[in-house]
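Q: What follows is a protein structure lacking sequence information:
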């Protein structure tokens, strides 16, 4: 119907009704006020972080975030403090230290925008953050929360909406800004940020990937809409994903892998993760890379 390209950025003449239909579909599915579509998943995460955090602002970031989020953190030019991966106590320690610095300098927390940045399922670790605890801490210290659900959307939660859904948390309330990729469980190309009307509208003028990148071909938006409808209308798909995931972990820990797991390989991803991560263990872990490959 539209051909392969839209021939321009979203903010100029690259917006097609299929893009708007996808934004409506994903915001309706996630129960948010709005959504904004980017032409690829990486630019969605990168542009969103850089759109809200600027020089002088403060980002508290999990040390294990993946490259797209990390690029957004760098491009924001904000002040950045890292906390240990999935360590809520270390996060609290970092926030308390900042609070004490505020008192010493007579600085109000409202003088700068402050965000905590995490993933719903870590691409490079296969671990799920304790979002229920992180939300309590961010509310106690008055921070906003940015959650990237790119690898948890479609796999976690009773409705497949991601880690927030898994923990029974509410978008826009418990996490102000949510990004997700359409390139994993959705099987298309592109990325989306969902949230309040203010969060979405701000990016239409401040999201670099939205303003300056050519928009995604409309048929990719249509494909994403079809995938979302399949997830909504066929809950057995989510059950199948969980069943296959559980079978994989049971097999790795079962007699078939005896002598390999955990003797030579450790499972380091969470059992909730559909991405299974294995690490060399024991003697092999200390060998040179060439020898590890041979083993």
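A: Looks like it arrived, so ask away. Values in this document were obtained by computation on a predicted structure and should not be read as measured data.

Q: Report how many residues lie close to residue 267.
A: Other residues near residue 267 come to 20 when the count uses other C-beta atoms under 10 Å. Every residue, glycine included, has its C-beta placed from N, CA and C.

Q: Would you mind confirming that it is in contact with residue 252?
A: Yes. Between residue 267 and residue 252 there is a contact under C-beta atoms under 8 Å: 5.9 Å.

Q: Mind listing the shared neighbours of the two?
A: 261, 276, 278 (C-beta atoms under 8 Å, 6 or more residues apart in numbering).

Q: Identify, from those, the entry nearest to residue 27.
A: Using C-beta to C-beta, residue 276 is the member of these that sits closest to residue 27, with 31.7 Å.

Q: Quick one: residues contacting the closest one.
A: Residue 276 touches 126, 248-249, 252, 267, 269, counting by C-beta under 8 Å, 6+ apart.

Q: Worst mean pLDDT across the helices and strands of this structure, which element?
A: When each helix and strand of the chain is scored by mean pLDDT, DSSP states H and E, helix 289-294 comes last, with a mean of 58.

Q: picking that back up, format the shared contacts of residue 267 and residue 252 as a markdown table; extra columns: secondary structure.
A: Shown next, in a markdown table, are these (DSSP: H, G, I helix; E, B strand; the rest coil):
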| residue | secondary structure |
| --- | --- |
| 261 | coil |
| 276 | coil |
| 278 | strand |
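
Q: Out of these, which is nearest to residue 218?
A: Nearest to residue 218 among the shared contacts of residue 267 and residue 252, with distances taken as C-beta to C-beta, is residue 276, at 35.0 Å.

Q: what's the span of stretch 123-131 from first residue to last?
A: The first residue of stretch 123-131 is 16 Å away from its last residue (C-alpha to C-alpha, to the nearest Å).

Q: ok, which stretches of this structure are strands?
A: For the chain, strands defined by DSSP state E occupy the ranges 34-38, 58-62, 79-83, 114-119, 144-148, 177-181, 191-195, 265-267, 278-280.

Q: Just put the ones you listed in TSV and tack on distance to residue 96 and mean pLDDT.
A: Output for the strands of the chain, formatted as TSV (distance: least, C-beta to C-beta, whole Å; pLDDT from 0 to 100):
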stretch	distance to residue 96	mean pLDDT
strand 34-38	34	97
strand 58-62	12	98
strand 79-83	12	97
strand 114-119	14	98
strand 144-148	18	98
strand 177-181	24	97
strand 191-195	28	97
strand 265-267	33	92
strand 278-280	33	89
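
Q: Which among those strands is found nearest to residue 130?
A: Smallest distance to residue 130 across those (C-beta to C-beta): 9.7 Å, for strand 114-119.

Q: name the helices or strands packed onto the closest one?
A: Judged by 3 or more C-beta pairs under 8 Å, 6 or more residues apart in numbering; DSSP states H and E, the packing partners of strand 114-119 are helix 41-52, strand 58-62, helix 67-76, helix 131-140, strand 144-148.

Q: let's see it at 10 Å
A: In terms of contacts (3 or more C-beta pairs under 10 Å, 6 or more residues apart in numbering; DSSP states H and E), strand 114-119 is packed against helix 41-52, strand 58-62, helix 67-76, strand 79-83, helix 88-105, helix 131-140, strand 144-148, strand 177-181.

Q: low-confidence ranges in the stretch 1-150 of the chain?
A: For the stretch 1-150 of the chain, no stretch has pLDDT under 70.

Q: Might you report the residue contacts of the spatially closest residue to residue 119 that is not a sequence neighbour?
A: Of all residues not flanking residue 119 in the chain, residue 148 sits nearest, at 4.7 Å (C-beta to C-beta, 6 or more residues apart in numbering). The neighbours of residue 148, taking C-beta atoms under 10 Å, 6 or more residues apart in numbering as the test, are 41, 44-45, 48-49, 65-66, 68-69, 72, 117-123, 162-163, 177-181, 191, 193.

Q: just residue 61 next, same as before
A: Going by C-beta under 10 Å, 6+ apart, residue 61 touches 49, 69-70, 73, 78, 80-83, 94, 115-118, 146.

Q: now, which of the residues you listed sits nearest residue 186?
A: Nearest to residue 186 among the contacts of residue 61, with distances taken as C-beta to C-beta, is residue 69, at 18.7 Å.

Q: Next, count neighbours for the residue nearest to that closest one when sequence neighbours are not counted.
A: Using C-beta to C-beta, 6+ apart and skipping residues adjacent in sequence, the residue nearest residue 69 is residue 45, 5.1 Å away. Counted with other C-beta under 10 Å, residues neighbouring residue 45 total 31.
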